[in-house]
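Chemist: Quick one: sequence and predicted model below, then my questions.
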Amino acid sequence: MEFTDKLNGYWPILVLLINAVAFWIAWSFRKTTVSPEAFDKFTASVHDAIEKLDLDVRSSLSDHEKRITTVEANLKHSPTHEDIEKIHVRLSGISRSTSKVEGATNAMANQSALIYQHLLDQKGGK
(Lines give C-alpha, C1' and ligand atoms only; values in the text may rest on other atoms or scores of the structure.)
Protein backbone atom coordinates (compact mmCIF):
# COMPACT_ATOMS: atom_id res chain seq x y z
CA MET A 1 0.00 0.00 0.00
CA GLU A 2 2.88 2.27 -0.40
CA PHE A 3 1.65 3.44 -3.79
CA THR A 4 -1.72 4.57 -2.46
CA ASP A 5 -0.01 6.36 0.43
CA LYS A 6 2.26 8.21 -1.97
CA LEU A 7 -0.73 8.94 -4.22
CA ASN A 8 -2.57 10.49 -1.30
CA GLY A 9 0.40 12.80 -0.74
CA TYR A 10 0.44 13.99 -4.36
CA TRP A 11 -3.32 14.01 -4.80
CA PRO A 12 -3.81 17.81 -4.55
CA ILE A 13 -1.02 18.44 -7.09
CA LEU A 14 -2.44 15.80 -9.44
CA VAL A 15 -5.94 17.31 -9.22
CA LEU A 16 -4.48 20.77 -9.85
CA LEU A 17 -2.67 19.52 -12.97
CA ILE A 18 -5.79 17.77 -14.28
CA ASN A 19 -7.82 20.95 -13.73
CA ALA A 20 -5.15 23.05 -15.47
CA VAL A 21 -5.14 20.69 -18.48
CA ALA A 22 -8.96 20.72 -18.61
CA PHE A 23 -8.98 24.52 -18.41
CA TRP A 24 -6.36 24.75 -21.16
CA ILE A 25 -8.42 22.37 -23.39
CA ALA A 26 -11.60 24.39 -22.79
CA TRP A 27 -9.77 27.67 -23.49
CA SER A 28 -8.24 26.27 -26.73
CA PHE A 29 -11.61 24.92 -27.86
CA ARG A 30 -13.23 28.30 -27.21
CA LYS A 31 -10.59 30.01 -29.36
CA THR A 32 -11.09 27.59 -32.25
CA THR A 33 -14.88 27.90 -32.31
CA VAL A 34 -16.90 30.80 -33.64
CA SER A 35 -18.48 33.30 -31.31
CA PRO A 36 -22.27 33.75 -31.55
CA GLU A 37 -21.83 37.34 -32.76
CA ALA A 38 -19.43 36.29 -35.52
CA PHE A 39 -21.75 33.44 -36.49
CA ASP A 40 -24.75 35.80 -36.66
CA LYS A 41 -22.74 38.27 -38.75
CA PHE A 42 -21.63 35.50 -41.10
CA THR A 43 -25.15 34.08 -41.51
CA ALA A 44 -26.51 37.58 -42.14
CA SER A 45 -23.96 38.16 -44.91
CA VAL A 46 -24.78 34.76 -46.45
CA HIS A 47 -28.50 35.57 -46.24
CA ASP A 48 -27.94 38.94 -47.95
CA ALA A 49 -25.90 37.29 -50.71
CA ILE A 50 -28.62 34.70 -51.24
CA GLU A 51 -31.31 37.39 -51.39
CA LYS A 52 -29.32 39.35 -53.98
CA LEU A 53 -28.74 36.23 -56.04
CA ASP A 54 -32.44 35.38 -55.80
CA LEU A 55 -33.39 38.82 -57.12
CA ASP A 56 -30.89 38.51 -59.99
CA VAL A 57 -32.20 35.06 -60.92
CA ARG A 58 -35.82 36.20 -60.75
CA SER A 59 -35.03 39.19 -62.98
CA SER A 60 -33.22 36.98 -65.47
CA LEU A 61 -36.03 34.42 -65.44
CA SER A 62 -38.57 37.19 -65.97
CA ASP A 63 -36.66 38.35 -69.06
CA HIS A 64 -36.50 34.78 -70.36
CA GLU A 65 -40.20 34.28 -69.68
CA LYS A 66 -41.02 37.33 -71.80
CA ARG A 67 -38.80 36.11 -74.61
CA ILE A 68 -40.26 32.59 -74.52
CA THR A 69 -43.80 33.99 -74.52
CA THR A 70 -42.96 36.07 -77.61
CA VAL A 71 -41.44 33.07 -79.39
CA GLU A 72 -44.42 30.88 -78.52
CA ALA A 73 -46.82 33.54 -79.82
CA ASN A 74 -44.89 33.70 -83.10
CA LEU A 75 -44.73 29.91 -83.41
CA LYS A 76 -48.52 29.57 -83.12
CA HIS A 77 -48.80 30.80 -86.70
CA SER A 78 -46.17 28.49 -88.16
CA PRO A 79 -47.27 25.35 -90.06
CA THR A 80 -47.59 22.11 -88.16
CA HIS A 81 -46.42 18.67 -89.26
CA GLU A 82 -49.91 17.93 -90.56
CA ASP A 83 -49.91 21.14 -92.62
CA ILE A 84 -46.55 20.22 -94.17
CA GLU A 85 -47.88 16.74 -94.96
CA LYS A 86 -50.95 18.23 -96.68
CA ILE A 87 -48.70 20.53 -98.72
CA HIS A 88 -46.57 17.51 -99.70
CA VAL A 89 -49.65 15.58 -100.85
CA ARG A 90 -50.89 18.56 -102.88
CA LEU A 91 -47.47 19.05 -104.48
CA SER A 92 -47.41 15.37 -105.43
CA GLY A 93 -50.82 15.83 -107.09
CA ILE A 94 -49.61 18.91 -108.95
CA SER A 95 -46.53 16.98 -110.07
CA ARG A 96 -48.69 14.19 -111.49
CA SER A 97 -50.94 16.74 -113.21
CA THR A 98 -47.92 18.51 -114.67
CA SER A 99 -46.61 15.18 -116.00
CA LYS A 100 -49.97 14.56 -117.70
CA VAL A 101 -49.97 18.04 -119.21
CA GLU A 102 -46.39 17.52 -120.40
CA GLY A 103 -47.35 14.22 -122.02
CA ALA A 104 -50.38 15.78 -123.71
CA THR A 105 -48.28 18.73 -124.90
CA ASN A 106 -45.66 16.37 -126.33
CA ALA A 107 -48.37 14.41 -128.11
CA MET A 108 -49.83 17.61 -129.57
CA ALA A 109 -46.36 18.74 -130.62
CA ASN A 110 -45.77 15.40 -132.34
CA GLN A 111 -49.14 15.62 -134.10
CA SER A 112 -48.42 19.18 -135.19
CA ALA A 113 -45.02 18.11 -136.48
CA LEU A 114 -46.57 15.23 -138.41
CA ILE A 115 -49.23 17.50 -139.91
CA TYR A 116 -46.60 20.07 -140.79
CA GLN A 117 -44.40 17.41 -142.34
CA HIS A 118 -47.35 16.00 -144.28
CA LEU A 119 -48.23 19.47 -145.55
CA LEU A 120 -44.63 20.07 -146.54
CA ASP A 121 -44.50 16.75 -148.33
CA GLN A 122 -47.74 17.50 -150.22
CA LYS A 123 -46.61 20.95 -151.18
CA GLY A 124 -43.26 19.72 -152.35
CA GLY A 125 -44.87 16.89 -154.30
CA LYS A 126 -46.99 19.18 -156.59
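Modeler: It's in.
Chemist: For this protein, which helix or strand comes out least confident on mean pLDDT?
Modeler: When each helix and strand of the chain is scored by mean pLDDT, DSSP states H and E, helix 2-32 comes last, with a mean of 81.
Chemist: ok now that one, how far from the chain's centre?
Modeler: In terms of CA atoms, centre = their mean, to the nearest Å, the centre of helix 2-32 is set 64 Å apart from its chain centre.
Chemist: longest helix of the protein?
Modeler: Secondary structure of the chain per DSSP state H: the longest helix is helix 81-125.
Chemist: State the mean pLDDT of it.
Modeler: Mean per-residue pLDDT for helix 81-125: 90.
Chemist: who does that helix touch, helix- and strand-wise?
Modeler: Helices and strands touching helix 81-125, by 3 or more CB pairs under 8 Å, 6 or more residues apart in numbering; DSSP states H and E: there are none. (C-beta placed from N, C-alpha, C; glycine too.)
Chemist: circling back: after the least confident helix or strand of the chain, which helix or strand is next? Please name it.
Modeler: The first helix or strand that comes after helix 2-32 along the chain, using DSSP states H and E, is helix 36-75.
Chemist: For that following helix, buried residues please.
Modeler: Of all the residues in helix 36-75, not one is buried under the rule 16 or more other CB atoms under 10 Å.
Chemist: for that helix, the distance to its chain's centre please.
Modeler: Relative to the centre of its chain, helix 36-75 is centred 17 Å away, using CA atoms, centre = their mean.
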